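**Student:** got a predicted model here, sequence first, then my questions.
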Amino acid sequence: MNKAIIISGNLAQDHEFIYPYYRLLEADFEVDVCMLEGKPVKGFLGTTLPPNKDQPVKSIDDIKVTDYKVLVLPGGVKAMEKVRQEERIIEFISDFNKQKKIIACICSGAQLLISAKVVKKRKIAGYYSMKDDLINAGAIYTDLPAVVDENIITTAHYKDMGPWMREVIKKL
């Protein structure tokens, strides 16, 4: 079975976590969840994440790049401000990119891509307030519903989750 990993933390944007979670399950992926806190958390809108109460939650120490085909980075600016400070998570993202595995990133998840130093000379969408940050990190800011640059597939806003995940699934 194909495996995916979603990495996030407390106050993640609920629907940016939930939609790819279920979309990957529909595509016959086994979906693991890694939270900065190592346990279920509350999304920004109050949803328990992961939404399946029986879903085990892993810590960064429990996961290996080689186990996964796709990495999902949901947004939620409050979550990302904390998650990006965990060096092991940033290293995981960097290693995932080095192996050219698919990284699906939405909204403020782009902060993690910046911290992992994987955006230089790449077309990247991210939340509009991060346009300058992405450009300053060397990215080519692109505001389209789904931006595909080799193995990284991004979108700026949850209104475009359909086209974004369609491109992720197509790439898989």
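**Tutor:** Ah, there it is. Residues are numbered from 1 along each chain as shown.
**Student:** now stretch 2-11, how far from the chain's geometric center?
**Tutor:** 7 Å (C-alpha atoms, centre = their mean, to the nearest Å).
**Student:** buried ones in it?
**Tutor:** 4-11 (16 or more other C-beta atoms under 10 Å). All C-beta atoms are positioned from the backbone trio N, CA, C, and that covers glycine.
**Student:** pull the host helix or strand of residue 97 out as CSV, backbone CA atoms only.
**Tutor:** Following DSSP states H and E, one finds residue 97 within helix 87-98. Only the C-alpha atoms of helix 87-98 are listed here, as CSV (Å, rounded to 0.1, in the frame of the first residue of the first chain):
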residue,chain,number,x,y,z
GLU,A,87,14.7,21.3,13.3
ARG,A,88,14.0,17.6,12.8
ILE,A,89,10.8,18.4,11.0
ILE,A,90,12.6,20.9,8.7
GLU,A,91,15.3,18.3,8.1
PHE,A,92,12.6,15.7,7.2
ILE,A,93,11.1,18.1,4.6
SER,A,94,14.5,18.9,3.2
ASP,A,95,15.3,15.2,2.9
PHE,A,96,11.9,14.4,1.3
ASN,A,97,12.7,17.0,-1.3
LYS,A,98,16.2,15.7,-1.9
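**Student:** for it, buried residues please.
**Tutor:** 89-90, 92-94, 96-97.
**Student:** right, I'll call it a day here.
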